[in-house]
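J.: Could you work out the structure for the sequence below:
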Amino acid sequence: MFERITEATFDEIFPLLENNFPENELREKERQKAMLQEPLYGLYGTRRDGGFAAVFAAWEIADFLYIEHFAVKEEYRNGGYGGKLLDAFLAEKSRPTVLEVEEPEDELTRRRIGFYERHGFVYNGYPYLQPPMRRGQDVLPLKLMTKPAAIDETTYKRYKKLIHSNVYRYEGDL
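T.: Numbering: from 1, shown residues only. I've put the predicted structure just below:
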């Protein structure tokens, strides 16, 4: 169901990432492609009607899975397809999961948080700053959602430190 993306299929799937994430939440194309060499990182796609319909970018860090990106092509949204894919992906990985979301400031961000909550994620209110994805950008205020349960402050700090150092190569204290 999930095809591991390689350098040969990267150019086919990158537009799905590019069309679904703002510039401050996505690396430049060549830097994103270079991530395929990272041992903890995996980029996965699922095909429908001859092309990629969804993409997952995930990191298997220590004892948890960190989902960096998840996107479904627009024509396949709002019919349960994305939820089925998310559930199947998480079942396949079978480990506690962490992802970042924007704060619930408008209808779209509230709907996104609601989607993840319907699939077993819990919104954690700890202050979280995402290090810049591209040079010259500022930090991005986000929140962490976790599955299967909320996390305590000690676990939050451990997850944040591991995500920042492995994913963003950031060693400072945000």
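J.: Next one: Asn124 relative to Tyr170, how far apart?
T.: 20 Å (Cβ to Cβ, to the nearest Å). Placement of C-beta: from N, CA and C, glycine included.
J.: More neighbours: which of those two?
T.: Counting neighbours by other Cβ atoms under 10 Å for Asn124 and for Tyr170 shows that Asn124 has the greater number, 20 against 17.
J.: so who does the more buried one touch?
T.: Lys143, Leu144, Met145, Thr146, Ala150, Ile151, Tyr156 (Cβ atoms under 8 Å, 6 or more residues apart in numbering).
J.: now Gly45
T.: Going by Cβ under 8 Å, 6+ apart, Gly45 touches Phe2, Glu3, Ile5, Thr9, Ile13, Leu16, Phe52, Ala53, Ala54, Val55, Phe56.
J.: My reading is that it lies in a strand. Confirm?
T.: Yes - the assignment for Gly45 by DSSP: H, G, I helix; E, B strand; the rest coil puts it in a strand.
J.: bridging residues for it?
T.: Glu3, Val55 (DSSP bridges).
J.: Residue numbering should commence at 14 henceforth.
T.: Got it, first residue is 14 now, which makes that one Gly58.
J.: Next, count neighbours for Thr159.
T.: Thr159 has 21 nearby residues by other Cβ under 10 Å.
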